[in-house]
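Undergrad: return a 3D structure for these sequence lines:
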Amino acid sequence: MRYVPDQILLAIAVRPHQLLTTEALQTTLKTIDAEDLPQQISKAMTKAAGLDPLKIEQLLVLLDQPTVRLLQRQNSRHSTRQEELIDKQSIGQAMISFYDEHGYFPDEDGCGKSKGKLSWRVHLLPYLERQELYEQFRLEEPWDSDHNKTLIEKMPEVFRVTGIKEPGRTSVHIPVGEGTLFSGTEPPTLDSITDSPESTILAVVADPGTADIWTKPGGLQT
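TA: Sure, this is the predicted structure:
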């Protein structure tokens, strides 16, 4: 290791031939009737990488700092995607909670006295632990009234989508159009589902190019 450069963080010695021919492994392979597995691995790696592991006595794997930083970025992106997925699942749960209380889902342009004025997303706020923000809206006024426009910038994190930089915009939509749950003139109910609830889409995360103001009525046309 004294000859390994400072930017190397980890060095691992691997002995493929010894690993694949060890007595313990051979015994295990015989038990599961897979004695030819080392030969299959050998052929596959020789074809893919030009290296036959059965002919390699020892190799050294070095992990350097740039590789570690790359892996960290990839893991960070993966973690972000997981967090976003959890967020979007909470939207579906909020839709169900809304239904349990009202007996119907919010339509793409709201419901009750805000019908045609505010987005369905606004009506989910109490079920996303944002009751205080919900109470700031004037439900009888349209989304772009002087008052309601001031709340656009307060879009909850749950509606944020990676790739959309403009504040107050989201590509979390409910699908509208023929064959969707939100295709009628009345607020959708479970009775509106003609196939099965498991195959019915309540909301989608669409391409950032479909982003719109989160308080504005409307859905994603299918």
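
Undergrad: okay, residue 178: pLDDT?
TA: Among the per-residue scores, residue 178 shows a pLDDT of 77.

Undergrad: now do the contacts for it.
TA: By CB atoms under 8 Å, 6 or more residues apart in numbering, the contact list for residue 178 reads residue 222. Any C-beta I mention is one placed from the backbone N, CA and C, and that applies to glycine too.

Undergrad: using the three-state scheme, assign it.
TA: coil (DSSP: H, G, I helix; E, B strand; the rest coil).

Undergrad: and it, how far from residue 221?
TA: Using CB to CB, to the nearest Å, residue 178 is found at 10 Å from residue 221.

Undergrad: for the chain, which segments count as strands?
TA: Assigned by DSSP state E, the chain shows strands spanning 8-14, 59-64, 169-170, 172-173, 175-176, 204-205, 212-213, 220-221.

Undergrad: contacts only, for the residue lying closest to residue 117 once chain neighbours are set aside.
TA: Among residues not flanking residue 117 along the chain, residue 142 sits closest, at 4.4 Å (CB to CB, 6 or more residues apart in numbering). Listed by CB under 8 Å, 6+ apart, the contact set of residue 142 reads 117, 118, 148.

Undergrad: could you dump those into a markdown table and include pLDDT, distance to residue 37 and neighbour count?
TA: Converted to a markdown table, the contacts of residue 142 look like this (pLDDT from 0 to 100; distance: CB to CB, whole Å; neighbours: other CB atoms under 10 Å):
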| residue | pLDDT | distance to residue 37 | neighbour count |
| --- | --- | --- | --- |
| 117 | 92 | 66 | 23 |
| 118 | 94 | 62 | 28 |
| 148 | 96 | 66 | 20 |
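
Undergrad: verify the stated contact: residue 12 with residue 60.
TA: Yes - with contact defined as CB atoms under 8 Å, residue 12 reaches residue 60; the gap is 7.2 Å.

Undergrad: quick one: common contacting residues for these two?
TA: Residues touching both residue 12 and residue 60 (CB under 8 Å, 6+ apart): none.

Undergrad: for residue 219, see how far away the closest residue to residue 181 other than its chain neighbours is.
TA: Once flanking residues are discounted, residue 181 sits nearest to residue 188: 4.7 Å by CB to CB, 6+ apart. Distance of residue 188 to residue 219, computed by CB to CB: 11 Å.

Undergrad: pLDDT weak spots in this protein?
TA: Scanning the chain for pLDDT under 70 picks out 1-10, 61-88, 183-185, 192-201.
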